[in-house]
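Chemist: Mind folding the following:
(one chain, ligands or ions: 1)
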Amino acid sequence: MSEKIHLTGFSTQELADFVQNIGEPKFRAGQIFKGLHERRILDFDAITDLPKALREKLDETATATTLKVESRYVSEDGTRRFLMKTHDNFPVETVFIPTENRDTICFSSQSGCPLKCDFCLTAKLGLLRNLTAGEIVEQIIIVLNDVYGIGAETPHGTNLVAMGAGEPFLNYENLIKALGIMADENGLFIVANRVTVSTAGIVPKIYEFAKLEKRPNLAISLSAPSDELRDKLMPINRRWNIEELLTAAKAVQKTLRRGERFTFEYVLLGGVNDADEHARTLANLLNKHDLQKVKINLIPHNPAEPLEYHPPNSERVESFKGILESRGVAAYVRRPRGRDIYAACGQLAAVKG
Ligand code: SF4
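Modeler: Residues are numbered from 1 along each chain as shown. Just a heads-up that it's a prediction; the model follows:
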């Protein structure tokens, strides 16, 4: 399978070139694109508006699917966690999170992750490899088909978050290409403002991102108000420290468009970064940098062995939130989803027994 071309990761232009090269008329590219992305059919033979001979020709040289679902867990809150494997046997994790009014799919941009955030289980894997654009897109198609059936309507629309395994900005080109394919109105039609990309702080890419014309919402994982603590919790801070990170954030804030969301994520680790003093320092830091348009998502840590961190109790969380709000910083607490199946933030790569 590996030597076959993965058409699910092709843009419409690449598909047009591909069909021309195999001697087919150009309009076939549109049919193939719609078949794969709008109708979510990952099997050429089932795209029956293509002539049989073309379907056979496609099967010889190309493939629509390279990911295999190895296991799937359904949480009591409806969250679904998918463990997949690439054709060359690398793990990929994807999580479906339903709420009353919308669905969110949390996808992976890398297999494993090279960053060593101390509170994250994926970090223990190290980087296995970057995912291709096709592997990113395919995660979404597989999940939607599992939940709703092949090609069936998705009643709530779909939000995407690049918060699964991996640092998306270390696989920037493939990520941006995949998001472009998924935004196409002849395909999944999940446009940029329904997508959030979360970075641990790859500063040069934040500046590059700020220049994008159609860009998704940005989230920056901060999780500590001082370099001393952040160096320990998120070692990427030793490469780009808080001052550099917040200066880049300021550049994004300057170019924010209407309706665009910009958030900082702050994982609350009991007894580590959740004291009132941390909250005060954090609020002062954001105010000093004039980052008033940024909201803070507080994420109580999700326990995952062998990590030794634990979540703060709810009074501590409320106190932390209250201090931020009293200093003019908008703060929200993210409710954990799918904890029982290890699908919550920071728990990916934990094997459910
Ligand atoms: S929190 Fe994100 S960036 Fe950090 S190690 Fe985990 S997957 Fe990588």
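
Chemist: Spell out which residues of this structure are next to the ligand.
Modeler: Within the chain, the positions lying close to the ligand (Cβ under 6 Å from any ligand atom) are 113, 115, 117, 120, 122-123, 165-167, 200. (Each C-beta comes from the backbone N, C-alpha and C, glycine too.)

Chemist: For whatever helix or strand Leu282 lives in, name the packing helices and strands.
Modeler: Taking DSSP states H and E as the definition, Leu282 sits inside helix 276-288. Counting contacts by 3 or more Cβ pairs under 8 Å, 6 or more residues apart in numbering; DSSP states H and E, helix 276-288 packs against helix 242-254, helix 314-326.

Chemist: give me that answer again for 10 Å
Modeler: The helices and strands touching helix 276-288, judged by 3 or more Cβ pairs under 10 Å, 6 or more residues apart in numbering; DSSP states H and E, are helix 242-254, strand 262-268, strand 295-300, helix 314-326, strand 331-333.

Chemist: secondary structure class for the closest residue to His6 other than its chain neighbours?
Modeler: Using Cβ to Cβ, 6 or more residues apart in numbering and skipping the chain neighbours, the partner closest in space to His6 is Gly134 (4.0 Å). Put simply, Gly134 is helix when judged by DSSP: H, G, I helix; E, B strand; the rest coil.

Chemist: would you turn the helices and strands packed on helix 276-288 into CSV with distance to Thr158, mean neighbour count and mean pLDDT?
Modeler: Shown next, in CSV, are the helices and strands packed on helix 276-288 (distance: least, Cβ to Cβ, whole Å; neighbours: other Cβ atoms under 10 Å; pLDDT from 0 to 100):
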stretch, distance to Thr158, mean neighbour count, mean pLDDT
helix 242-254, 24, 18, 96
strand 262-268, 19, 22, 96
strand 295-300, 20, 21, 95
helix 314-326, 29, 16, 97
strand 331-333, 21, 17, 96
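
Chemist: quick one on the thing from earlier: mind listing what's buried along the helix holding Leu282?
Modeler: Neighbour counts over helix 276-288 (16 or more other Cβ atoms under 10 Å) mark 278-283, 285-286 as buried.

Chemist: Dump those residues into TSV; add distance to Ile97 and pLDDT as well.
Modeler: Shown next, in TSV, are those (distance: Cβ to Cβ, whole Å; pLDDT from 0 to 100):
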residue	distance to Ile97	pLDDT
His278	28	98
Ala279	27	98
Arg280	32	97
Thr281	31	97
Leu282	26	97
Ala283	29	96
Leu285	30	95
Leu286	27	95
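
Chemist: Of the residues you listed, which pair is most distant in space?
Modeler: Greatest spacing in the buried residues of helix 276-288, by Cβ to Cβ: His278 and Leu286 (12.7 Å).

Chemist: list the residues that contact both of the two?
Modeler: Common contacts of His278 and Leu286 (Cβ atoms under 10 Å, 6 or more residues apart in numbering): Pro225.

Chemist: where does Pro91 fall, phi/psi-wise?
Modeler: phi -80, psi 140 (degrees, to the nearest 10).

Chemist: who's in contact with Glu325?
Modeler: Counted by Cβ under 10 Å, 6+ apart, Glu325 has contacts 279, 283, 296, 331.

Chemist: Relative to Glu60, which of those is nearest.
Modeler: Nearest to Glu60 out of those is Ile296 (Cβ to Cβ; 52.6 Å).

Chemist: Test my guess that that closest one contacts Leu324.
Modeler: Yes: using Cβ atoms under 10 Å, Ile296 makes contact with Leu324 at a distance of 6.1 Å.

Chemist: For those two, list the residues in contact with both.
Modeler: Common contact partners of Ile296 and Leu324 (Cβ under 10 Å, 6+ apart): 266, 279, 282-283, 286, 330-332.

Chemist: and which of those residues is nearest to the ligand?
Modeler: Comparing the shared contacts of Ile296 and Leu324 against the ligand with Cβ to the nearest ligand atom places Tyr266 closest, at 12.4 Å.

Chemist: Let me know the secondary structure of the residue nearest to Asn130 when sequence neighbours are not counted.
Modeler: Nearest non-adjacent residue to Asn130, counting by Cβ to Cβ, 6+ apart: Asn171, 4.3 Å away. Following three-state DSSP, Asn171 is assigned to helix.

Chemist: Can you get me a residue count around Asn171?
Modeler: For Asn171, the neighbour count with other Cβ atoms under 10 Å is 22.

Chemist: For it, give its distance to the ligand.
Modeler: Applying Cβ to the nearest ligand atom, to the nearest Å, the value for Asn171 to the ligand is 11 Å.

Chemist: List the contacts of that residue.
Modeler: Taking Cβ under 10 Å, 6+ apart as the test, what Asn171 contacts is 108-110, 127, 129-133, 136, 162, 178.

Chemist: Among those, the buried ones, what's the PyMOL command?
Modeler: In PyMOL, this line selects whichever of the contacts of Asn171 come out buried by 16+ other Cβ under 10 Å:
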select buried, resi 108+109+110+127+130+131+132+133+136+162+178
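
Chemist: Among the contacts of Asn171, which lie within helices?
Modeler: If you go by DSSP state H, the contacts of Asn171 have 133, 136, 178 in helices.

Chemist: any idea how far the residue nearest to the last one when sequence neighbours are not counted is from Lys4?
Modeler: Taking Cβ to Cβ, 6+ apart as the measure, Ala178 lies nearest to Ile136, with 3.7 Å between them; neighbours along the chain are not counted. Relative to Lys4, Ile136 is positioned 18 Å away (criterion: Cβ to Cβ, to the nearest Å).
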